[in-house]
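Colleague: Could you look at this predicted model? Sequence included:
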Amino acid sequence: MRIGIDAASIVGDKGGVGWHTHHLLNALLELDDDHEYVGYLRPGSLHGGTLPGWTPRPRLRWVETPRWSMAWRGRWDGLDLYHGPNFKMHTRGRFGGIVTIHDLWLARHPEYSRKLLGQAGSSRRAIATAKRARKVVTVSEFSAREIEALYGIARDHVVVIHNGVSDEFSPLCTQEVKETLRQRWTIPEAGFILFVGGADPRKNHTRFLQAVARVRSQLGGRVVLLVGDPEHPQGSYRETAQGLALEQDVRCIGRLDREDLRRLYSCTDLFVFPSRYEGFGMPVLEAMACGAPTITSSTSSLPEVAGDAALLVDPDDVDGLGLAMVRALADQELRDGLRQRGFERVRQFTWRQAGERTSALYRDLCR
């Protein structure tokens, strides 16, 4: 079978969908099956016929093509099936196509849309795509319920295939690493609490910093490291910290590469991810894979992903979040238990498993 995949998101600054597509495509290529893959890229992505960072594979062919020509590419390239892993389905094969919808954050909360004319038009197009697809793939049972509720798509039309955790994430916290982190971001001997997400209001840094301000005297002199874009049209790390008089306690360190993230996850005393809405919530599993004791939200997909390996809190309960941080930091036995359960939890989420389930779906649809 010949499967076409929209691979444009794996070029440049990947983001969540880009890493999802990157790892899924790698996992599919590592399977012992006879599927061929055509990865569609924007013009200018290839250098000398190869994609930087990718080893040539015998079952994968890259094709650069402008978006306007995608409607007929499926037939031109002899596809059996097309997979759009980034919410859209640009073409189709002999047996149609499938689309992956990761979350419905903006459909659920259109007030946060940054589009000039709002979210309604995008939602209508997404619903039409979902109905046109042979199947809709999503990454959690929570997102499957959202697709059914907000898009009116029958549940049996939706297939849940969980994300995996990259092998890049594993514990790395030597004394040398700790010292490097301390010097780079002026971290005291007491240690640090880690937040990853950016100033996007969905990631909820405001409630998190409010909780930090209320329990600051009980954090044992630790500082807070905020990873992600520090500025957003609807939020700012620095302004929030200044408004709460936390400038001395907060480090806004911006976006990091995955190796730096691995070091921070591995060495933090506590990882806090109080997101208001997640289709999956990869940072939770990445942190657990590195041994970080974790606090996350009791809403959206996060309980499904975290299981019993994290403390769950209402993301809008500032007092509850503060108390959870104090409790975890004061109880070494609790943190050790969370760390061990985290290692066990991440074993249930592998890209190999995601690749196998996706390949089986391709096979079923092409019969």
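Modeller: Perfect, I can see it now.
Colleague: what residues are up against residue 262?
Modeller: Residues in contact with residue 262 (Cβ atoms under 8 Å, 6 or more residues apart in numbering) are 168-170, 172, 290. Where you see a C-beta, it was placed from the backbone N, CA and C, and this is true even at glycine.
Colleague: And residue 358, by the same measure?
Modeller: 24, 27-28, 83, 137, 161.
Colleague: Look up how far residue 245 lies from it.
Modeller: Residue 358 sits 49 Å away from residue 245, going by Cβ to Cβ, to the nearest Å.
Colleague: Which one among the contacts of residue 262 sits at the bottom for pLDDT?
Modeller: Lowest pLDDT among these: residue 168, with 93.
Colleague: could you dump the contacts of residue 262 to TSV with secondary structure?
Modeller: Below are these laid out as TSV (DSSP: H, G, I helix; E, B strand; the rest coil):
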residue	secondary structure
168	coil
169	coil
170	coil
172	coil
290	coil
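Colleague: What's the end-to-end length of stretch 124-140?
Modeller: By Cα to Cα, to the nearest Å, the extent of stretch 124-140 from end to end equals 22 Å.
Colleague: whoops, stretch 42-53 was the one
Modeller: Terminal-residue distance, stretch 42-53 (Cα to Cα): 16 Å.
Colleague: Kindly indicate which of the contacts of residue 262 lies nearest residue 207.
Modeller: The closest of those to residue 207 turns out to be residue 290 (Cβ to Cβ; 24.3 Å).
Colleague: what's around the closest one, how many residues?
Modeller: 27 (other Cβ atoms under 10 Å).
Colleague: Could you find the closest non-adjacent residue to residue 189?
Modeller: Spatial nearest neighbour of residue 189, chain neighbours left out: residue 182 (7.7 Å); criterion: Cβ to Cβ, 6 or more residues apart in numbering.
Colleague: Can I take it that residue 308 is in a strand?
Modeller: No. If the criterion is three-state DSSP, then residue 308 is coil and not within a strand.
Colleague: which residues touch it?
Modeller: 341, 345.
Colleague: Roughly how far does it sit from residue 340?
Modeller: 11 Å.
Colleague: Same question for residue 317.
Modeller: 27 Å.
Colleague: cool, residue 41 as well?
Modeller: Distance check for residue 41 against residue 340: by Cβ to Cβ, it reads 42 Å.
Colleague: Neighbour count for these two, which is higher?
Modeller: A side-by-side neighbour count of residue 41 and residue 340, using other Cβ under 10 Å, places residue 41 first with 18 against 13.
Colleague: Got the confidence number for that one?
Modeller: Reading off the model, residue 41 has pLDDT 96.
Colleague: Skip the chain neighbours and tell me the closest residue to it.
Modeller: In space, residue 41 is closest to residue 64, 5.1 Å off (Cβ to Cβ, 6+ apart).
Colleague: Can I get stretch 57-66 in CSV? Just the C-alpha atoms.
Modeller: Written as CSV, here are the backbone C-alpha positions of stretch 57-66 (Å, rounded to 0.1, in the frame of the first residue of the first chain):
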residue,chain,number,x,y,z
ARG,A,57,14.6,5.3,4.1
PRO,A,58,13.8,2.9,1.3
ARG,A,59,10.1,3.0,2.0
LEU,A,60,9.8,6.8,2.2
ARG,A,61,9.8,9.4,-0.6
TRP,A,62,9.7,13.1,0.0
VAL,A,63,7.6,15.3,-2.4
GLU,A,64,7.7,19.1,-2.4
THR,A,65,4.4,20.5,-3.6
PRO,A,66,2.5,23.8,-3.1
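Colleague: isn't residue 281 right up against residue 273?
Modeller: Yes. If you go by Cβ atoms under 8 Å, residue 281 and residue 273 touch, sitting 6.9 Å apart.
Colleague: Mind listing the shared neighbours of these two?
Modeller: Listed contacts common to residue 281 and residue 273 are 296, 302; contacts here mean Cβ under 8 Å, 6+ apart.
Colleague: Next step: the contacts of residue 358 restricted to helices.
Modeller: 24, 27-28 (DSSP state H).
Colleague: filter those to the buried ones?
Modeller: 24, 27-28 (16 or more other Cβ atoms under 10 Å).
Colleague: Can you tell me which of those comes closest to residue 198?
Modeller: Distances from residue 198 to these, taken by Cβ to Cβ, are shortest for residue 24, at 23.5 Å.
Colleague: Just give the number of residues close to the nearest residue to the closest one once chain neighbours are set aside.
Modeller: With Cβ to Cβ, 6+ apart as the criterion, residue 24 has its nearest non-adjacent residue at 6.0 Å, and that residue is residue 354. Residue 354 has 21 neighbouring residues, counting by other Cβ under 10 Å.
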